[in-house]
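*Asks:* quick one, structure for this:
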Amino acid sequence: MKTASEAGVPAEGGSTRAATGLLICCAVLTASVLYLGWAAEKSGRYFPGERAALEAAGRLFFSEKPKYDGTLESVSRQDVLILQTAFFFAVATTFYLLAVRLALGGALARRTTLGIVMAGAVLLRAAAVPSRPALETDYHRYLWDGAAVWSGLNPYQFAPVEVTNFAKGKNVEMYPAEEKERLERLARLAATPELADHVRRINHPSIPTIYPPAAQALFGAAYGLAPGSATVLKALVAAADLAVCGLVLLLLRRLGRDARWCIAYAWCPLIVKEYAATGHYDPLATGGVLAALLLLTGERKRPMAAGAVLAFGALAKLFPLLLAPLLAGRLGRAGLAVLVLVLGAGYAPFLGIGSEAFDGLVAFGTSWEFNSSLFACLEMALGPLFRGEDPLMFSFIVSRKASQEYLFFTEQPLDAFGAAKVLAALALAAVVIACARARRDSDTALTARAGIVVVTLLALAPVCDPWYFGWAAPFACVFRSAAAAWLAWSMGLYYFYFLAWRYPEWSRLMEYLPALALLVWDIHRWRRELASEDEGRSAP
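*Replies:* Numbers count the residues shown, from 1 in each chain. Reported below is the predicted structural model:
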């Protein structure tokens, strides 16, 4: 007689242990999320033993600070919060990886595993939503933009500093009557108790908003539900992120993969921290990409619906547009037409101010570099070529009404930074073209090519904030990426930048170098798997 394990049925004892282990991991992850939110409150209170641990870590990281005397009181609360955030990532990622192993170990029935995984995903986000955002300021801009949208005003027309200066009576005479009326309405909004603190805390207030129309719709909805509430905004983001969890599960099933791998996204501490806890809205874009892939794979394809959801994703973040060449064959003319129409409809309400609607994006795309990986290597490699002589300069201006009060001006040298951007763009274009021209046309191969484009974009981008990891995380679930497992922890090192407003020498090496090595191994394994699938289809 066969044993339960020989028959493919989990043994009762092993099943109980696995379920208990998963529940314990979920409990620790939830406690970690609650801890981070509690730490962000900056209460100055510590758990037993926490102060001693933080002070021991502080001796490693704070030694160069001039006023540091070995106590937590001699550094800023933000410095302490950075250590607490690092502690969160260390503990949470350890139990996250253990949970992934338990979920995939086979001791639990798949239905039971998926039930625990999805319930845990809801619990983690429910714990994160009410917490104070840790080491984050972007949500202040989100809430301000939402107020403008809900009030029927164009969020792209005025930079926040224009509104605050107008309220102080600065350069009022330079505006025509219609713009004065809009600025007066915005100034009244900025003075409300719900928004005043958020407006003061907006980062880069001289830059008009960069966030596309679908994001503005989300911000406006959050304001309409509860003006100035970060909790409501984060609840909407968390709901979108739970939808992404469901889409990952569906995509895994569509491609014949083990659906339990959805835990790699659903319980990822980095994902929970950056979306439900701090309000970054990237799940709107990721969801659009995944929905488009689901609509273009399987037996029943829906190209027009796929074009619409891909456009929606691009109206949240621009990166889904890079996938259009790959998907063009399956989208067809009708799907591509819908894509263009939805994009146009999304931007149409904001284009009354002309090209000024894109001023923020121009500033971001031209001048920003942060937490880059291969792009930083390109820049360093090109550096020696541009030393010794004054570089050729070119300039651009983002002018808010041609006033020095509202002027964003930059002189960009044709230096290593500019040359690296050109080379990175060419390399990315080459990858997109190669993936679009690839002959293998299976659903799995199409999904793999989409993942390759997204990963290449992140590797070559001048800006790679931790929340961008969520763009690639669903593909890591489908193809079981070891590199993603490393990045789920290592991208938390990003926050050490804020200790001295520069990167520690070791941080980006530790963040990216092992991931790049693991990615090489991942690619080798994926190629073998795709070749095996091709052989299976060609066998008689």
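*Asks:* buried set for the strand or helix carrying Ala238?
*Replies:* Element membership of Ala238 [criterion: DSSP states H and E] is helix 230-254. Of the residues in helix 230-254, 230, 232-238, 240-245, 247-252, 254 count as buried by neighbour count, 16 or more other CB atoms under 10 Å. C-beta here means a position set from N, CA and C on the backbone, and glycine is covered the same way.
*Asks:* residue boundaries of the strands in the stretch 301-450 of the chain?
*Replies:* Applying DSSP state E, counting those that start in this stretch to the stretch 301-450 of the chain gives strands spanning 393-399, 407-413.
*Asks:* now do the same contact list for Trp471.
*Replies:* Applying CB atoms under 8 Å, 6 or more residues apart in numbering, one finds that Trp471 lies in contact with 282, 285-286, 289, 317, 319, 454, 457-458.
*Asks:* again, 6 Å this time
*Replies:* Contacts for Trp471 (CB atoms under 6 Å, 6 or more residues apart in numbering) come out as 286, 454.
*Asks:* ok, now Ala264?
*Replies:* Contacts of Ala264 (CB under 6 Å, 6+ apart): 100, 477.
*Asks:* hang on, it is in a helix, isn't it?
*Replies:* Yes - Ala264: assigned to a helix according to DSSP: H, G, I helix; E, B strand; the rest coil.
*Asks:* could you check how far it is from Ser481?
*Replies:* 9 Å (CB to CB, to the nearest Å).
*Asks:* then Leu29?
*Replies:* 20 Å.
*Asks:* after the host helix or strand of Phe95 comes which helix or strand?
*Replies:* Assigned by DSSP H and E, Phe95 belongs to helix 77-104. As assigned by DSSP H and E, the chain's next helix or strand after helix 77-104 is helix 110-128.
*Asks:* wait, Val33 sits on Ala127?
*Replies:* Yes - in this structure, Val33 is within contact of Ala127 by CB atoms under 6 Å, at 4.6 Å.
*Asks:* more neighbours, those two?
*Replies:* Neighbour totals were compared for Val33 and Ala127, and Val33 leads with 25 against 21 (other CB atoms under 10 Å).
*Asks:* which strands and helices sit next to the helix or strand harbouring that one?
*Replies:* Using DSSP H and E, Val33 sits in helix 12-40. With contacts taken as 3 or more CB pairs under 6 Å, 6 or more residues apart in numbering; DSSP states H and E, helix 12-40 sits against helix 77-104, helix 110-128.
*Asks:* the shortest one to helix 77-104, inter-axis angle?
*Replies:* On the basis of axes from the mean of the first three to the mean of the last three CA atoms, to 10 degrees, helix 110-128 is oriented at 170 degrees to helix 77-104.
*Asks:* can you name the residues in contact with helix 110-128?
*Replies:* 22, 26, 29-30, 33-34, 103, 238, 245, 260, 263, 266-267, 272, 276-277.
*Asks:* now list the buried members of the residues you listed.
*Replies:* Buried among the contacts of helix 110-128 (16+ other CB under 10 Å): 22, 26, 29-30, 33, 103, 238, 245, 260, 263, 266-267, 272, 276-277.
*Asks:* identify the farthest-apart pair in those.
*Replies:* Arg260 and Ala277 (24.7 Å; CB to CB).
*Asks:* relative to His140, how far out is the nearest residue to Phe88 once chain neighbours are set aside?
*Replies:* Excluding the flanking residues, the one nearest Phe88 by CB to CB, 6 or more residues apart in numbering is Leu36, at 4.5 Å. Separation of Leu36 from His140 (CB to CB): 19 Å.
*Asks:* who's more crowded, those two?
*Replies:* Shown here are Leu36 and His140; by other CB under 10 Å, Leu36 has more neighbours (28 against 23).
*Asks:* Arg449 is in contact with Cys435, correct?
*Replies:* Yes - counting by CB under 6 Å, Cys435 touches Arg449, with 4.0 Å between them.
*Asks:* which residues are in contact with each of the two?
*Replies:* Joint contacts of Cys435 and Arg449 (CB under 6 Å, 6+ apart) are Leu326.
*Asks:* pLDDT score assigned to Pro10?
*Replies:* Pro10 carries a pLDDT value of 53.
*Asks:* would you list the helices and strands packed on helix 12-40 in TSV and tack on mean pLDDT and distance to Lys170?
*Replies:* Below are these laid out as TSV (pLDDT from 0 to 100; distance: least, CB to CB, whole Å):
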stretch	mean pLDDT	distance to Lys170
helix 77-104	94	31
helix 110-128	96	40
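*Asks:* care to break this protein down by domain?
*Replies:* 12-128, 371-379+424-534 (automatic domain parsing).
*Asks:* which other helices and strands contact the helix ranked longest in the chain?
*Replies:* Counting by DSSP state H, the longest helix found in the chain is helix 507-538. Judged by 3+ CB pairs under 6 Å, 6+ apart, the packing partners of helix 507-538 are helix 482-490.
*Asks:* give me that answer again for 8 Å
*Replies:* In terms of contacts (3 or more CB pairs under 8 Å, 6 or more residues apart in numbering; DSSP states H and E), helix 507-538 is packed against helix 443-460, helix 469-479, helix 482-490.
*Asks:* surely Ala308 is in contact with Val342?
*Replies:* Yes - checked against CB atoms under 8 Å, the pair Ala308 and Val342 is within contact range at 5.2 Å.
*Asks:* any weak-confidence spans in the stretch 301-450 of the chain?
*Replies:* The model of the stretch 301-450 of the chain has pLDDT under 70 over residues 387-414.
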